[in-house]
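Colleague: What follows is a predicted protein model with its sequence.
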Amino acid sequence: MTFYILRIILLILILAVIYFFFHAVAECSTKKSAIIGAVFSIVITTAVSMFPPENLVTDFSSPENAFKYFCAGEIEEIIYGNDSCFVVYSDSQGTFKDCVFLKSGADYKLPLYFSRSRVAHVFTQNGLFNTYKVSGTSDYYVQGSVSTETAGNIGVFDGNGNNINTNVIRIAHTGFIYFHLGSFKDDYYLVSDGETQQLG
């Protein structure tokens, strides 16, 4: 939450400084100064939101600390990858959301706008599954939904039928599941209550 508050303050400060400069120093009209100030403010604030300068000067000792700075809500689960972690949280409306934090040694960095990309999207009668790759890492995170009546046994397999060792996390009292993969191919699938669901 602090992340966005700082950017709102930055937006206002930049708007005021640029407006003052063009209106008082460059002697532009009030309307022209306001337009130039607004454009510069939006461009700069968008840039620092997409590429957080905080990453240049600070690290966060845990995903929880990074989350507290970057997001607002209650953490439901944290899925750890090799070079990142995937935080599942609920906002004030009870909506489930997620974000990724990048590892930096033993600490964590804020995500960039392009920190993850969706590499697979599957929607069938068995559920909806999205697979994301974290840029610059070998980490993949799968976000899916299964029937709320599904028992707890869910297995993930590669195209040869070999079981992939991963911890499938299910959000309590929901059908939402999440898990990490160290690699991903289109022939990966999961089995839930005897039902097979392709992931790619």
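Modeller: Alright, I've got the coordinates.
Colleague: In the chain, which residue is most central in space?
Modeller: residue 99 (2.6 Å; C-alpha atoms, centre = their mean).
Colleague: in stretch 132-144, what's buried?
Modeller: Residues of stretch 132-144 classed as buried by neighbour count (16 or more other C-beta atoms under 10 Å): 132-134, 137, 139-144. Heads up, the C-betas are built off the backbone N, CA and C, glycines and all.
Colleague: Near residue 145, how many other residues are there?
Modeller: For residue 145, the count of nearby residues is 17 (other C-beta atoms under 10 Å).
Colleague: try residue 175
Modeller: Residue 175 has 15 nearby residues by other C-beta under 10 Å.
Colleague: is it true that it touches residue 145?
Modeller: Yes - with contact defined as C-beta atoms under 8 Å, residue 175 counts as touching residue 145 (4.8 Å).
Colleague: which residues are common contacts for these two?
Modeller: residue 127 (C-beta atoms under 8 Å, 6 or more residues apart in numbering).
Colleague: contacting residues for residue 196?
Modeller: 189-190.
Colleague: Can you show me the CA trace of whatever helix or strand it lives in as PDB?
Modeller: Following DSSP states H and E, one finds residue 196 within strand 195-198. Extracted C-alpha coordinates of strand 195-198, given in PDB (Å, rounded to 0.1, in the frame of the first residue of the first chain):
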ATOM      1  CA  GLU A 195      -9.900 -36.700 -13.800                       C
ATOM      2  CA  THR A 196      -7.000 -35.500 -16.100                       C
ATOM      3  CA  GLN A 197      -6.600 -31.900 -16.900                       C
ATOM      4  CA  GLN A 198      -4.000 -30.600 -19.400                       C
END
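Colleague: Sheet-wise, list the partners of that strand with their directions.
Modeller: As defined by DSSP bridges, the strand partners of strand 195-198 come to strand 189-192 (antiparallel).
Colleague: in the chain, which spans are strands?
Modeller: 74-80, 84-90, 96-104, 107-109, 116-124, 127-134, 140-145, 154-157, 169-170, 176-181, 189-192, 195-198 (DSSP state E).
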